[in-house]
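*Asks:* the sequence and its predicted three-dimensional model are supplied below.
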Amino acid sequence: MEGRLVLLGGGSSGVSTTESAVLSKVEVVSEACSYPAESELELGLGLSLGGGGGSTGNTKAANSSWGECGRILTAKDFPSVVSHRTNNGGSSSVAVSGTKRAAETESVSHDSGSPTGVSSQVVGWPPIRAYRMNSLVNQAKAQRGDELESGIGEKDKPKDALKKKLDYNGKQTSSATVNEKAYLGFVKVNMDGIPIGRKVDLNAHSSYEGLAQALEDMFLRSANSAEKEPLTMASKLLDGSSEFVLTYEDKEGDWMLVGDVPWRMFVGSVRRLRIMRTSEANGLAPRFNESNDRQRSKPI
Amino acid sequence: MQKKTMYSFPDEVLEHVCSFIQSDKDRNSVSVVCKSWYEIERWCRRKVFVGNCYAISPRMVIKRFPEIRSIELKGKPHFADFNLVPDGWGGYVLPWVVEMAAAYPWLEEIRLKRMVVTDQSLELVAKSFKNLEVLVLFSCEGFSTDGLAAIAASCRNLRELDLRDSEVDDLSGHWLNHFPETYTSLVSLNISCLGSDEVSFSALECLVGRCPNLRTLLLNREVPLDKIANILRHAPQLVEFGTGIYAAELHPDVFSNLAGAFSSCKELRSLSGFWDAVPAYIPAIYSVCSGLTSLNLSYATIQNPDLTKLVSHCRSLQRLLVLDYIEDDGLEALASSCKYLQELRVFPSDPLGAEPNVSLTEQGLVAVSLGCPRLHSVLYFCRQMCNAALVTIAQNRPNLTRFRLCILDPKMADYQTLMPLDVGFGAIVEQCKDLRRLSLSGLLTDRVFEFIGRYGKKLEMLSLAFAGETDMGLHHVLSGCESLQKLEIMDCPFGDKALLANAAKLETMRSLWMSSCLVSLGACKILGQKMPRLNVEVMDEKGPPDSRPESHPVAKLYIYRSVSGPRLDTPPFVWTMDEDSSSDRSSIAIRFSRGGRAIGKTE
């Protein structure tokens, strides 16, 4: 069964894309289609496709919104955002994902600043299960001698991390007590009043502002905010001037206010997040001093 | 009942014959021969597989098959594994458990994949199914160790508890203590996904010690290396074993203890775990290597030469999961040592790094395809590929059934010719006539889909990302791949045309996923209206799709066939397109009626 789509490339019917021709195009489609039983459906197809107009995009449909937006968007419409990785050349660097996706990835790449040389990440790519991805990403970071990821024990000094790469035959200093949870890229986030929890990828951000922005996008613009919360600026989540405050549970099980410790230390110790009503957050201890057994880490 | 003639079988005979027919496909064939065969078959079916829990309601399953003993359900779409499906999407098992609790008190086996399983569900399972023998929760979430405690306490006949890749809330490691002292029937335990607070080691040791039939034990990462020897000495009959973290400071005592424990396991055929493995302790498993048929080193950080040396010891290997630390050299060694290899999975050690960190290229895969005649299942992550290599692989291995290639950088061309990889993948589908599963990557035009549509007649599952140029690509697949069941697409320029032209095809498939493509809301609405046996679900976390023009592409689209209509548990970010969903009906009706044939009317 061949099922050539008659409409594509103008085709054998040679119809133009004016409105009346759209309707006659419809007839052609219904004859040529491999699913004649669906001819009613094909009619509908024809019209919607007529509105689309293939690559010409010049249809002057009666409904202007169809005419304007109905053309098939092509790669030329979108800036290159998907991958900034080095290519061996020849491959198209233009993404064809929708503008919204582009915006997301752009904000990610702005945000992360690629401290580890990692390019902007598209959600879902590469297709590696989340659990494995977290495990791999953090093994790789350790091997690149990234000192900032540890925040746990004094053993994970940069020297040891480098040593892991160069001399892995030697003593393995990381012991079984290194808490895998500290390296989880995705942590759960719950917001008071919203029953559905979400997950956010901490690896995708390099600062509190980025994280707060992502959370704002996730929760405060959700379709079903029953109570229309006044849209808080991302920074308000952090400075306590909005109705909600961002808190986290650290690996010791204590709930803390987000924002008091350097970002890397936060990433190393956060287990999950909660966007709490300010009224309930009284009594949460902001952390002033680092406890003695934490590695001193440079503020960003 | 039909009038019996002397030429017809008594029902009991047919039932007896039927009991030997295990395959679902065969049973389905039996059931459509005639009404009496349908009746007989449905009363004696004991196992049912529901590939999409929303394709049918539990009541309908129960009504047709009243005597089920074993059920398997799958929930979320496959791309949920890669964080493409937001939390709260669905896939709840509770409604199924509630119905089955009443209808199947003798249920023995429950297997769930990508479903949301709450503690409440587990408690209900524990209470309702006294004969439960097998509980497999594959990539599930939503439950805690409290739920597991309920299972442990109540399911006296439990043989198999498998939590692989599930997300479990840690509350207490003492759930293992809930297995009564009298409980000794455990055969298989997979707790590899549990975290640090979730397993009490002493309870585990006790349990292992009193279950003489234990064959499979996959520990979680937190079990330290020096505890392994004890566990193994309690269970030298193990066939399948997963270590915890395989790293510690080298102590000769610990090493020799461990090596001795492994060598006393004469039945050991499968090893996994090896988190953060260090080379120093690898030789402890040498004594079992020659008998191993399955080895999972995909969490092990060992590199060459230790890695290659280890793998070369395992001459009986049929299944190998490994990181790309194995490199081309290691794969060549594998090809010459492991002639029985059937399945190979090579994962990237640094998936997000901009530059390659290891010397693994397409050559490694070519070598294995040449050297391993039984190789039929491949998952390979790499950073470069060329058509010549793919053609060679196809010619070497026409017996491939599963081929998933992931070139890490989207849209990478053939590095030698700078051409798309159409011809290479074309060779794969053309040569490998039994290919059932295929994942593509790299630079691909519509041409590769022409090949797939023409040759991929047995293809059941196809995964695409960043591929194709126009709707013709999708059209080739939908119109050509006769056996297609699951199609998942992300970031491809496919829009309305091919989808609508092949609408009927979608009813012959289990599901279609499209995210970040160019399918308009209007097309989704049409599809939802015209195809009542499809659920057309539009997913958008930014807000209702109706707030944008109908021509606007939808963010995520999940279409699946269903005989039970739209589901009732959609979260706020999912909209089902059906007869009632169109708010723009008026404008659509106007346009259609001008042609003289209005399809705005309901049928």
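*Replies:* Ah, there it is.

*Asks:* and the average pLDDT for the helix or strand harbouring B:Ala261 is what?
*Replies:* Under the criterion of DSSP states H and E, B:Ala261 resides in helix B:252-263. The pLDDT scores in helix B:252-263 average 96.

*Asks:* buried residues of stretch A:267-275, list them for me.
*Replies:* Buried residues in stretch A:267-275, defined by neighbour count with 16 or more other C-beta atoms under 10 Å in any protein chain shown: A:Val267, A:Gly268, A:Ser269, A:Val270, A:Arg271, A:Arg272, A:Leu273, A:Arg274, A:Ile275. C-betas here are computed from N, CA, C, even on glycine.

*Asks:* ugh, wrong one, I meant stretch B:551-562
*Replies:* Buried residues in stretch B:551-562, counted by 16+ other C-beta under 10 Å: B:Ser551, B:His552, B:Pro553, B:Val554, B:Ala555, B:Lys556, B:Leu557, B:Tyr558, B:Ile559, B:Tyr560, B:Arg561, B:Ser562.

*Asks:* got the residues of the stretch 151-300 of chain B near chain A?
*Replies:* B:165, B:193, B:195-196, B:221-222, B:224-225, B:244-245, B:247-250, B:275-276, B:278-280, B:298-299 (C-beta under 8 Å from any C-beta of the partner chain).

*Asks:* recalculate using a threshold of 10 Å.
*Replies:* Within the stretch 151-300 of chain B, the positions near chain A by C-beta under 10 Å from any C-beta of the partner chain are B:165-167, B:169-170, B:193, B:195-197, B:220-227, B:244-250, B:275-281, B:298-300.

*Asks:* show the buried residues in the residues you listed.
*Replies:* So, of those, B:165-167, B:169, B:193, B:195-197, B:220-227, B:244-248, B:275-281, B:298-300 end up buried under the neighbour-count rule (16+ other C-beta under 10 Å).

*Asks:* out of those residues, which are inside strands?
*Replies:* Applying DSSP state E to those, the entries found in strands are B:Glu167, B:Asp169.

*Asks:* turn the buried residues of stretch B:551-562 into a markdown table, columns for pLDDT, secondary structure and distance to B:Leu186.
*Replies:* As requested, these are exported to a markdown table (pLDDT from 0 to 100; DSSP: H, G, I helix; E, B strand; the rest coil; distance: C-beta to C-beta, whole Å):
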| residue | pLDDT | secondary structure | distance to B:Leu186 |
| --- | --- | --- | --- |
| B:Ser551 | 92 | coil | 58 |
| B:His552 | 92 | coil | 54 |
| B:Pro553 | 94 | strand | 51 |
| B:Val554 | 95 | coil | 47 |
| B:Ala555 | 94 | coil | 45 |
| B:Lys556 | 96 | strand | 41 |
| B:Leu557 | 97 | strand | 43 |
| B:Tyr558 | 98 | strand | 38 |
| B:Ile559 | 97 | strand | 42 |
| B:Tyr560 | 98 | strand | 36 |
| B:Arg561 | 97 | strand | 39 |
| B:Ser562 | 97 | coil | 38 |
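
*Asks:* for chain A, state which of those is nearest.
*Replies:* If you rank the buried residues of stretch B:551-562 by distance to chain A using C-beta to the nearest C-beta, B:Ser551 comes first, at 3.8 Å.

*Asks:* now do the same contact list for the closest residue in space to B:Cys289 that isn't next to it in sequence.
*Replies:* In space, B:Cys289 comes closest to B:His313 once its chain neighbours are excluded; the distance is 3.9 Å by C-beta to C-beta, 6 or more residues apart in numbering or on different chains. Contact analysis of B:His313 by C-beta atoms under 10 Å, 6 or more residues apart in numbering or on different chains lists B:Ile282, B:Pro283, B:Ile285, B:Tyr286, B:Ser287, B:Val288, B:Cys289, B:Ser290, B:Leu292, B:Leu295, B:Ser337, B:Cys338.

*Asks:* give me that answer again for 7 Å
*Replies:* Counting by C-beta atoms under 7 Å, 6 or more residues apart in numbering or on different chains, B:His313 makes contact with B:Tyr286, B:Cys289, B:Ser290.

*Asks:* for B:Val519, give its distance to B:Leu506.
*Replies:* For B:Val519, the distance to B:Leu506 equals 12 Å [C-beta to C-beta, to the nearest Å].

*Asks:* quick one, which of these two is more surrounded?
*Replies:* Neighbour count, other C-beta atoms under 10 Å in any protein chain shown: between B:Val519 and B:Leu506, B:Val519 has more, with 27 against 22.

*Asks:* so what does that one look like in phi/psi?
*Replies:* Per-residue torsions, B:Val519: phi -80, psi 130 (degrees, to the nearest 10).

*Asks:* list the contacts for it?
*Replies:* Contacts for B:Val519 (C-beta under 7 Å, 6+ apart) come out as B:Gly495, B:Asp496, B:Leu499, B:Pro553, B:Val554, B:Leu557.

*Asks:* tell me the SS of the third one?
*Replies:* When classified by DSSP: H, G, I helix; E, B strand; the rest coil, B:Leu499 comes out as helix.

*Asks:* ok, B:Phe494 touching B:Gly473?
*Replies:* Yes - B:Phe494 is in contact with B:Gly473 according to C-beta atoms under 7 Å; the separation is 6.5 Å.

*Asks:* what sits against the nearest residue to A:Arg277 once chain neighbours are set aside?
*Replies:* In space, A:Arg277 comes closest to A:Asp192 once its chain neighbours are excluded; the distance is 5.0 Å by C-beta to C-beta, 6+ apart. A:Asp192 is in contact with A:Ile275, A:Met276, A:Arg277, counting by C-beta under 7 Å, 6+ apart.

*Asks:* quick revisit: now, which of the contacts of B:His313 lie within strands?
*Replies:* The strands, defined by DSSP E, take in nothing from those.

*Asks:* ok, and the most crowded of these?
*Replies:* B:Cys289 (21 neighbours).

*Asks:* pLDDT wise, what is it at?
*Replies:* Per the predicted model, pLDDT is 97 at B:Cys289.

*Asks:* how many other residues sit next to the residue in the stretch 301-450 of chain B that chain A sits nearest to?
*Replies:* Chain A sits closest to B:Leu418 of the stretch 301-450 of chain B, with a gap of 3.1 Å, by C-beta to the nearest C-beta. Neighbours of B:Leu418 under the rule other C-beta under 10 Å: 13.

*Asks:* model confidence for it, exactly?
*Replies:* Here the pLDDT value assigned to B:Leu418 is 97.

*Asks:* got it, and A:Ala281?
*Replies:* In this prediction, A:Ala281 carries a pLDDT score of 71.

*Asks:* what's the answer for A:Gly54, then?
*Replies:* 36.

*Asks:* A:Gly11 now?
*Replies:* At A:Gly11, the pLDDT value in this model is 35.

*Asks:* now do A:Pro262
*Replies:* On pLDDT, A:Pro262 comes in at 87.

*Asks:* could you list the low-confidence segments of the chain?
*Replies:* Just going to use chain A. Scanning chain A for pLDDT under 70 picks out A:1-121, A:137-185, A:195-197, A:220-242, A:282-300.

*Asks:* hmm, I had chain B in mind actually
*Replies:* The model of chain B has pLDDT under 70 over residues B:1-8, B:196-198, B:579-603.
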